[in-house]
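Engineer: Next comes the sequence, and after it the predicted model I'd like to discuss.
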Amino acid sequence: MYTLQIEHGIKDFGMWKAAFDRDPVNRSASGVLAHRVSRPVNDPHYVVVELDLASLEQAEALLAKLQQQVWNSPAAAPALHGAPQTRIVESAN
């Protein structure tokens, strides 16, 4: 199991969540098996997203799709504030 972890600042959580829910990268078709959205308790303008995928190749392809089709588009990512920090981690269980 691989997890694409994404962290970034946001302008407004409601606006960000609406854009996330529109699912511009079609998470299911991209191989996402599960996802989690978290927010630091002391920072309402920051989100942490974890997307679980079965393979490293799927995680890398999804990251590339996000970089090329979502994060550089104000229409697709209207609440994004700053550049996302990302990493792909592998389950060590």
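Structural biologist: Yep, it's here. No experiment lies behind these values; they were computed from the predicted model shown. Numbers count the residues shown, from 1 in each chain.
Engineer: helix, strand or coil for the residue nearest to F20 when sequence neighbours are not counted?
Structural biologist: Excluding the flanking residues, the one nearest F20 by C-beta to C-beta, 6 or more residues apart in numbering is V37, at 7.1 Å. No exception for glycine: its C-beta is placed from N, CA and C like everyone else's. Secondary structure, DSSP: H, G, I helix; E, B strand; the rest coil: V37 is strand.
Engineer: ok, now P44?
Structural biologist: P44 ends up coil, using three-state DSSP.
Engineer: residues touching it, list them.
Structural biologist: Neighbouring residues of P44 by C-beta atoms under 8 Å, 6 or more residues apart in numbering: F13.
Engineer: From S73, how far off is it?
Structural biologist: 24 Å (C-beta to C-beta, to the nearest Å).
Engineer: And L56, by the same measure?
Structural biologist: L56 is 26 Å from S73, where distance means C-beta to C-beta.
Engineer: what are the bridge partners for the residue nearest to F20, then?
Structural biologist: Beta-bridge pairing of V37 under DSSP bridges involves V49.
Engineer: Where does pLDDT dip in the chain?
Structural biologist: Counting by pLDDT under 70, the chain contains no low-confidence segment.
Engineer: Check which strands are paired with the lengthiest strand in it and give the direction for each one.
Structural biologist: Longest strand of the chain, by residue count under DSSP state E: strand 80-90. As defined by DSSP bridges, the strand partners of strand 80-90 come to strand 2-10 (antiparallel).
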